[in-house]
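J.: Can you look at this prediction? I've put the sequence above it.
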Amino acid sequence: MNRLENKVAVVTGAAQGIGAAYARGMAIEGASVVVADVSDTGSVVEEILAAGGKAIGVNTDVTNDESLAEMVATTEDKLGPIEILINNAAIFASIKLKPFMQIDNDELDAVLRVNARGPFQATKAVVPSMRKNGRGKIINISSGTFLRGAPMFCHYVASKGAVVGQTRALARELGGDNILVNCIMVGLTESEGVASNTQFDAARGGNLAARIIQRDMLPEDLLGTIYYLASEDSDFVSGQCFNVDGGAISA
Ligand SMILES: NC(=O)c1ccc[n+]([C@@H]2O[C@H](COP(=O)([O-])OP(=O)(O)OC[C@H]3O[C@@H](n4cnc5c(N)ncnc54)[C@H](O)[C@@H]3O)[C@@H](O)[C@H]2O)c1
């Protein structure tokens, strides 16, 4: 408990699913959490406050620089400088699986815009606040699909590869500012979007069969790694990717 006391943490895409679990978990560990999403953040914020945690909700579009600047200004005003950023927002569960020959340029651009450009823009917006703070932890959310190359999902897999590239390049660039950048490669996880979507049934069976730990992966299974990467425990770790998937892929 209290591993993240006195730290201000922004979680993008935290209105639901895995991002909401990160926000709830970090609040339990004492962080003041900014629930940042294009969707309504009210219920996640209420839940955190009702449990005695600290949180604010800020309507934020990670593809819009003005929206991000407003989010940072509101955060600094209400909570202080930002120490932790989780780049979690993405287009994921709503993507229809299809052969790459049927993915048109507009659909490709839409996925890359949010999933690859979004973390880049959010990081640009937040780094000045981390510099003021004198330290920062950026946790980028990639996917195990980049390690194994999931078919019918080429635009998404490419977007999550871009997240790995940003992690490695920015870790080198920001280390001198005491801003550490790492990445989690997430296995198939039963977020609302996955649990309610039958197109993931085949992938679920395959993932389960491949796992060392023979059960479904839940959003809470990621929290231990989040606490490690967000806290002082990882103060000598940067530019790394952590594969959290119950042992489905040995990377
Ligand atoms: N669930 C899985 O199996 C799985 C596996 C690997 C990686 N991931 C990654 O984990 C993260 C969360 O996954 P999830 O299953 O909870 O996804 P989700 O689709 O349920 O949630 C994504 C969230 O991002 C928000 N969002 C979308 N566009 C946005 C924008 N422009 N600005 C701000 N917010 C925006 C959505 O409103 C939503 O709340 C994503 O990055 C996803 O790619 C998930």
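T.: That came through fine. Numbers count the residues shown, from 1 in each chain.
J.: what does the protein have sitting close to the ligand?
T.: Along the chain, the residues adjacent to the ligand under the rule CB under 6 Å from any ligand atom are 12-13, 15-19, 37-39, 60-63, 88-93, 114, 118, 141, 143, 186, 188-189, 191-194. All C-beta atoms are positioned from the backbone trio N, CA, C, and that covers glycine.
J.: Generate a PyMOL selection restricted to the buried subset of these.
T.: In PyMOL, selecting the buried portion of the residues of the chain next to the ligand, with burial taken from 16 or more other CB atoms under 10 Å, looks like this:
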select buried, resi 12+13+15+16+17+18+19+37+38+60+61+62+63+88+89+90+91+92+93+114+118+141+143+186+188+189+191+193+194
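J.: how about the helix or strand hosting Glu173: buried residues?
T.: For Glu173, the enclosing helix or strand under DSSP states H and E is helix 154-174. By neighbour count with 16+ other CB under 10 Å, helix 154-174 contains the buried residues 154-164, 166-168, 170-171, 174.
J.: Need the residue closest to the centroid of the chain.
T.: Central residue of the chain (CA atoms, centre = their mean): Asn88, 2.2 Å from the mean position.
J.: thought it was touching Ala14?
T.: Yes. The criterion here is CB atoms under 8 Å, and Asn88 meets it with Ala14 at 6.7 Å.
J.: Over to stretch 193-212 now: how far is its first residue from its last?
T.: Across its full length, stretch 193-212 reaches 24 Å between end residues, using CA to CA, to the nearest Å.
J.: what is the mean pLDDT for that stretch?
T.: On average, the pLDDT along stretch 193-212 is 92.
J.: ok so, going back, joint contacts of Asn88 and Ala14?
T.: Here Asn88 and Ala14 have Tyr22 as joint contacts, going by CB atoms under 8 Å, 6 or more residues apart in numbering.
J.: picking up where we left off before, alpha carbons of the following helix or strand past the helix holding Glu173, as CSV, please.
T.: Toward the C-terminus, helix 154-174 is succeeded by strand 179-186 as the next helix or strand (DSSP H and E). Provided in CSV are the C-alpha atoms of strand 179-186 (Å, rounded to 0.1, in the frame of the first residue of the first chain):
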residue,chain,number,x,y,z
ILE,A,179,12.3,10.7,-17.1
LEU,A,180,12.2,6.9,-17.6
VAL,A,181,10.3,5.3,-20.4
ASN,A,182,9.2,1.7,-20.5
CYS,A,183,6.6,-0.4,-22.2
ILE,A,184,4.2,-3.3,-21.3
MET,A,185,3.3,-5.8,-24.0
VAL,A,186,-0.1,-6.9,-22.9
